[in-house]
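>>> Just to be clear, the model below is a prediction. Sequence and coordinates:
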Amino acid sequence: MDEANERSAAGGPDDRHRAPEGVDDATVTAVGGVTAAFEVVEHARGMLYAFHRLIGRADLELQEALDDLEAAGHGELADRVRADVVGRNVLAGRWSFQVVEDFDDGYHRAFADAERRVRDELTAGRRHVYEARLKERERTHGRPGHEALPADVPARAATRPPVTSPAVPPAV
């Protein structure tokens, strides 16, 4: 077993984040890359949901503005814009909720299943093994705020972070 897999007396990854016996570094790195790519898809998915929410908000705001335009004596123009834009599909035949559903049911589900399959087959389904190794390599062992696990944080330190720099006096 290599050093990155051993839990030292000062802490280290828990079993859920350690590679199973016999899994080499190259495999851990490759699985981590697949997971990192999926995290980008998750980010994109969040942006797609934001797009969905923003389109809905824009539609409601436009309706309010068109009501104001009508009240200001521009009813014919408000009606033309209302007929052309309010309730319009954002893509051919789709409102934004349908775009989200198609993405979730298609690309997102296929990518999520593939990422899980890679983890299941190569690291016994364990998540973030690569990141746990990075954390173990990068953290400063024994330093407050660099604990391996939540259980390693002293009760007092868990309630407030240590101050490591002097206080800055207020500007005059």
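Yes, it's here.

>>> Go ahead and confirm residue 82 touches residue 64.
No - look at residue 82 against residue 64 with CB atoms under 8 Å: they stay out of range, at 11.5 Å. Heads up, the C-betas are built off the backbone N, CA and C, glycines and all.

>>> so how far is residue 133 from the nearest residue to residue 104 once chain neighbours are set aside?
Nearest residue to residue 104, sequence neighbours excluded (CB to CB, 6 or more residues apart in numbering): residue 45, at 7.5 Å. Look at residue 45 and residue 133: by CB to CB, to the nearest Å, they are 27 Å apart.

>>> One more: residue 59?
Distance of residue 59 to residue 133, computed by CB to CB: 47 Å.

>>> sorry, back to before: just confirm the residue nearest to residue 104 is within a helix.
Yes - Residue 45 forms part of a helix when assessed by DSSP: H, G, I helix; E, B strand; the rest coil.

>>> What separation do you get for it and residue 54?
15 Å.

>>> These two: who's more crowded?
residue 45 (17 against 12; other CB atoms under 10 Å).

>>> three-state assignment of residue 41?
With three-state DSSP as the basis, residue 41 sits in helix.
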